[in-house]
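In: what follows is a predicted structure for the sequence shown.
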Amino acid sequence: MDGQSQLLLGVIFGAIGWGFFSYGKKQKAIVPLLTGIGLFVFPYFISQTALLIVIGAVLMVLPYFVSI
């Protein structure tokens, strides 16, 4: 895939990350807050599209299995 798909995926994961971040901030829940920050940041460091999708999916599912 090309840079356009990576850019689109970065925007999508960033929007989902914003949702997690705002929820975590409002509810004072640390796991969704950190997941949101992770979803904001990780697309800057991943250059392979498949790896971008896998890491994004894992980060999105993480708050449902981890509760502190």
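Out: That came through, no problem. Source: prediction; values computed, not measured. Numbers count the residues shown, from 1 in each chain.
In: what average pLDDT does the host helix or strand of residue 53 get?
Out: When secondary structure is defined by DSSP states H and E, residue 53 falls within helix 49-65. The predicted model gives helix 49-65 an average pLDDT of 94.
In: mind listing what's buried along that helix?
Out: Residues of helix 49-65 classed as buried by neighbour count (16 or more other C-beta atoms under 10 Å): 52, 55-56, 59-60, 62-63. The C-beta positions use only the backbone N, C-alpha and C, and glycine is treated the same way.
In: what's in contact with it?
Out: Around helix 49-65, the neighbours that count as contacts under C-beta atoms under 8 Å, 6 or more residues apart in numbering are 1, 5-6, 9-10, 12-13, 16, 20, 31-32, 35, 38-39, 42-43, 46.
In: quick one: which of these sit in helices?
Out: Secondary structure from DSSP state H places 5-6, 9-10, 12-13, 16, 20, 31-32, 35, 38-39 of the contacts of helix 49-65 in helices.
In: on that earlier part again, pull the CA atoms of the helix holding residue 53 into PDB?
Out: Extracted in PDB, the C-alpha atoms of helix 49-65 (Å, rounded to 0.1, in the frame of the first residue of the first chain):
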ATOM      1  CA  THR A  49       0.500  -0.500   6.600                       C
ATOM      2  CA  ALA A  50      -0.200  -4.000   7.900                       C
ATOM      3  CA  LEU A  51       1.600  -3.400  11.100                       C
ATOM      4  CA  LEU A  52      -0.200  -0.100  11.500                       C
ATOM      5  CA  ILE A  53      -3.500  -1.900  11.200                       C
ATOM      6  CA  VAL A  54      -2.500  -4.600  13.700                       C
ATOM      7  CA  ILE A  55      -1.200  -2.300  16.300                       C
ATOM      8  CA  GLY A  56      -4.200   0.000  16.000                       C
ATOM      9  CA  ALA A  57      -6.600  -2.900  16.400                       C
ATOM     10  CA  VAL A  58      -4.700  -4.100  19.500                       C
ATOM     11  CA  LEU A  59      -4.700  -0.700  21.000                       C
ATOM     12  CA  MET A  60      -8.500  -0.300  20.400                       C
ATOM     13  CA  VAL A  61      -9.300  -3.600  22.000                       C
ATOM     14  CA  LEU A  62      -6.900  -3.200  24.900                       C
ATOM     15  CA  PRO A  63      -9.300  -1.100  27.200                       C
ATOM     16  CA  TYR A  64     -11.900  -3.900  27.000                       C
ATOM     17  CA  PHE A  65      -9.600  -6.500  28.500                       C
END
